[in-house]
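**Student:** the following comprises the amino acid sequence and a computationally predicted model.
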Amino acid sequence: MNSILNSFKRIIIVSYRLPFSIRKQDDTFTLIKNSGGLVSAMSALSEKLSPDIDGSLYEKIIWIGHSDNTEEEFKIAGGASSEFHLIPVKIDETTNNLYYGGFSNDFIWPLFHYFPNYAVFNESYFEAYVKAQKYFFEQIENVVRPGDLIWIHDYQLMMLPGMIRERMPDATIGFFLHIPFPSFETFRMMNRPWREAILSGILGSDLVGFHINDYAQYFLRAVSRTLGHDVGLNTVLVDGRIVRVDAFPIGIDFKKFDEASKSKKILNDIRQIKTMLDNKRLIFSIDRLDYTKGFINRLAGYEHFLEKFPEWHGNVVFNMIVIPSRDDIGSYQKMKKEIDATVGRINGKYGTIAWRPIIYQYRSVPFDELVALYSLSEVALITPLRDGMNLVCKEFAACQTKTIGVLVLSEMAGAAAELGDAILINPTDKIEVANAINKALNLSVKERELRMTLIRKRLQTYDVFSWAKDYVNNVILIKKEQDVRKVVIMDKAIESGILNSYNSAEKRIIFLDYDGTLVPYSRFPELAIPSDKTIRLIERLAADPKNQVVLISGRIRNFLDEYFGNCKIYLVAEHGAFVKLPSHEWVCEIDNEQNWKLSIIPILHRYSNHCAGSFIEEKTTSLAWHYRNAEAELALAKVNQLREELRDVISNDTRLCMMDGSKVIEIRRAGYDKGSAALKFLKNNSFDFLLAIGDDKTDEDMFRVLPQSSYTLKVGVVPSLAKYNLRTQTDVSVLLGDMVREEKTPVKLLGKIMNSIIEMI
Ligand code: GDG
C-alpha cells in the first residue's frame, strides 16, 4: 500500500461535504466524524501514509469540502489527532440552495436516477452550480502542490476536474461518481450547453471511475455523441490526452461489520430483539427517504406476498426503517405521507391483535442497533428503483455471522452486477418481489449458506480499502501511460533539429507509411492514390545516394507496384508479409497458407450486412473490415462485437492475429508486423539517421522497436510511442520537402559561387 501512496506527494480529497462537523458546547469544540464508507476508506489510507523524511509531508490527507465551520475551528476541535487536514469551503446560502438543493439534488439526482419528471430545469441552478465549484477550485488552488493527487467525488462536483485542468494542465486528477450515469436517451434530456459543460468537466480528470461497467459505457457513449471525442473501449482522447474510464465497485469496511456482529455487546442486543420478535422471522430494510428507494413498490411486493402466501401470516415481520431526509421539501413530505398511509393500510388489513405485519420506523439508528438488526434478519429486502451501488445490502451480508440470511436485491442497484448470488428482482414487479420473499424464506440452509458464503467472500476480498487502493493504483497507471504516449507536436525547433541531423548524416534510412501519411484518407482505399507531386518528392528523396527509402504499408503488392514500381525505393506490402528491393521481385516473408480465411470471411460478411457502409478487403495474407464510411456509433458497437468474436476465433487458432488500424480491423497470420519488417532493414546495416513516419496503430509496432536515436513521427494529435506528432498529413509533405530542399542548399550555394566567379572573370 505504501509504495502506491508514495507515488504521490499527498492526496487531496474533494467532496461536497466535509465528513466532519463540530459540536460546540460552552467553549469546547468536539469533532464529529460521520460514518460514511468514504471516510472509513480515507481514514485507512491516512493510517498507511508514512512520514516524509523531514516529517512535513504525508502527514495527513487533505480533505476539502463544504462546511459552515472554519479551518481554525477544525484545528481546535481535531487537534493533532485528526487523520485529515480539513479545509472548509464556504458557500453563501443563496448560492448553496441553488447549487446543492437546486442543480445537484433537484436536477442531476432525479435525471441520473431515471426520474426525469422530477428534474427541475432552471438556468439559475446551473449558474450557481458553476459558481459554487469555483469556490472549491479556489481552495484547491491554495493548497495544491506538484505531485499531489486530487481525488474528486460525486455529482455535485462534475465540472471541477475541468476547471483544475484548465489552470493546471499537469495536475493528477481522479473523479468518482457515486450515483448512476444514465443511458444517453436520458442524459440527452439535459440542455445542450449543460451536457457539454458537464462531460468536458469530468474529462478534465485522468481517471473517471463509476461503480459498474454499464455506467462507464453510458458515459463513453454520451461523450462520443455529445462531444465527438475519439472513444475506445475504456478510454477517451481529449486534446491528445488519454483519459481512462473504468468501473470500481465501492466496497464496505467488511471487517468492521463482521467483527461488530460478533461482539458481546451486540450479541446481547440481538438476544433482546429476538425475545421481542417471539420467534417470528425478520425481513429488514433501511434506507434514506428518497423516491429512488422504491418504498411503495416494496410495500406492494410485501402486500402481495401476504396475499399470496397466507401461511406466513403471524410468522414473519417486516421491519422497514426509513431515515429522515429532506423532509422539509414538499415532495418528500408527500412521499412520506404515502408511505405512512400504505403501511397503515397493510397493517390494518392483515394485522391481528397479536401480530403487526410491518414494523415501520422513521428515524436514524445507532451503529450497534443497525448491526444487530442486520445480523438477526433472515431476509434483507433491498428494492431501490435505481441506486448507484447500495451499501446497505453489502453491510447486511457482512453481518451475517450467526443467522444465515438471504439477500433479495433489486437488479436496478449497482450492487446487483457484483452480487449475482442474491435473489435478484425487478422492484416494480410485485409478483416477482412476493415470490422472491417466499423463496428466500423457504431456501434450504445449505443453499442459504452457499449463496451467503460467496457474497461474503467477494465483499471481504474487495472491501473499501481494496477499492481505494485499486483506484489510486489505476491513476498511477494512466499517468504512466500518458507519459509514454505523450503528444509532443513537432515545432520549428524540433524540425530544424531533425534537418540538422539529416544533413550531417552519411547513411540514412527513412520508413514511410502510406495511407494517412503520404496520402490523406479517402472514402475507399482505391481512391487514396498519390499525387504526381508526392511521387516526385519520393523520387527526389530516393535519388540521394545516402538515403534508403522504405515504403512500409498495409497495401497489397500490385497497388504499391502501380504507383511506386518505378521509384528506386524499397517496398513493404501487407504489413511486412512481402518485401521488394529496388529492381527486384517481391519476396514473401511468411508462410502464406490461406485456408484460415474460409472461416473468417463469413463472419466479416455478417458484420458488413449489418453495418451499412462497411466493406471487406481481401489481401493475399489478410482480410480487412473497413468501417470508415459507416455511421460512427453503429460502427463502434459493431467493431466491439466483431473484436470479441474474432478474439474467440484467434484463441482457437494461434496462427492468427488481429490488428486495429485506422477505421479498419484486420485479421492475418501472426508472427510479423511493421516492427519486425523494419528491423530486418537494420540488420547488418548501420545508419546514422533513422526516420519513421506513420499515422496508424500498426505503425506503433515500428515506433516501438526502432532504436532510441531514431526520429519517430506520428501523424495526428493522438498519443503514440513516437517521439513527436505532426498535426496533419500535409505536415509530412512539408517535412520531406524541407529535407530535400536542405539537401539542395549546398548545390544552390555552389551554383551561386560559380556564377559570381564567372561574373568576376
Ligand atoms: C451514494 C449512492 C452508493 C444510513 N442510515 C443510517 C446509517 N446509514 C448508512 C448505511 C450505509 C449508508 O448510510 C447508506 O448507503 P447508500 O449506499 O445508500 O449510500 P449513500 O451515501 O446514501 O449514497 C449509493 C453510495 O453513494 C456509495 O458510493 O452506494 O448508491 O447513492 O452505509 O449504513 N448508518 C447508521 N445509522 C443510520 O441511521 N449507523
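**Tutor:** It's in. Keep in mind the model is a prediction, meaning the values are calculated, not measured.

**Student:** helices of the stretch 301-450 of the chain, residue ranges please.
**Tutor:** 330-350, 367-376, 392-398, 430-442, 445-461 (DSSP state H, counting those that start in this stretch).

**Student:** looking at these, which is closest to the ligand?
**Tutor:** Nearest to the ligand among the helices of the stretch 301-450 of the chain is helix 367-376; the distance by CB to the nearest ligand atom comes to 4.3 Å. Any C-beta I mention is one placed from the backbone N, CA and C, and that applies to glycine too.

**Student:** mean confidence for that closest one?
**Tutor:** Averaged across helix 367-376, pLDDT comes to 94.

**Student:** do it and the ligand meet at all?
**Tutor:** Yes. Interface with the ligand: helix 367-376 contributes 367, 370 (CB under 6 Å from any ligand atom).

**Student:** what residues does that helix touch?
**Tutor:** 35, 257, 260-261, 265-266, 269-270, 273-274, 277, 282, 284, 286, 319, 321, 365, 380, 395-396, 398-403 (CB atoms under 8 Å, 6 or more residues apart in numbering).

**Student:** that older thread, how about a markdown table for the helices of the stretch 301-450 of the chain, with distance to Arg188 and mean neighbour count added?
**Tutor:** Shown next, in a markdown table, are these (distance: least, CB to CB, whole Å; neighbours: other CB atoms under 10 Å):
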| stretch | distance to Arg188 | mean neighbour count |
| --- | --- | --- |
| helix 330-350 | 24 | 14 |
| helix 367-376 | 40 | 21 |
| helix 392-398 | 31 | 28 |
| helix 430-442 | 30 | 20 |
| helix 445-461 | 35 | 16 |
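
**Student:** can you list the ones you listed in a markdown table and add distance to Arg669?
**Tutor:** Output for the helices of the stretch 301-450 of the chain, formatted as a markdown table (distance: least, CB to CB, whole Å):
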| stretch | distance to Arg669 |
| --- | --- |
| helix 330-350 | 64 |
| helix 367-376 | 58 |
| helix 392-398 | 48 |
| helix 430-442 | 51 |
| helix 445-461 | 41 |
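
**Student:** what score does the closest residue to the ligand within the stretch 401-550 of the chain have for pLDDT?
**Tutor:** As assessed by CB to the nearest ligand atom, the ligand sits closest to Gly414 within the stretch 401-550 of the chain, at 6.3 Å. Note for Gly414: predicted pLDDT of 97.

**Student:** what does the one 10 residues further on give?
**Tutor:** According to the prediction, Leu424 has pLDDT 97.

**Student:** likewise Lys752?
**Tutor:** 51.

**Student:** one step back: which residues touch the residue of the stretch 401-550 of the chain closest to the ligand?
**Tutor:** With CB under 8 Å, 6+ apart, Gly414 has these contacts: 180, 211-212, 215, 249, 387-390.

**Student:** mind doing that once more with 10 Å?
**Tutor:** Contact partners of Gly414, counting by CB atoms under 10 Å, 6 or more residues apart in numbering, are 178-180, 210-212, 214-215, 247, 249-250, 384, 386-390.

**Student:** same check, this time on Ile425
**Tutor:** Each residue near Ile425 by CB under 10 Å, 6+ apart is listed here: 301, 381-383, 408-412, 416, 431-437, 439.

**Student:** follow-up on the earlier one: out of the helices of the stretch 301-450 of the chain, nearest to Asp27?
**Tutor:** helix 367-376 (28.9 Å; CB to CB).

**Student:** distance between the ends of stretch 321-328?
**Tutor:** By CA to CA, to the nearest Å, the extent of stretch 321-328 from end to end equals 19 Å.

**Student:** do stretch 574-581 as well
**Tutor:** End to end - CA to CA - stretch 574-581 spans 15 Å.

**Student:** list the buried residues of that stretch.
**Tutor:** Within stretch 574-581, the residues scored as buried using 16 or more other CB atoms under 10 Å are 574-580.
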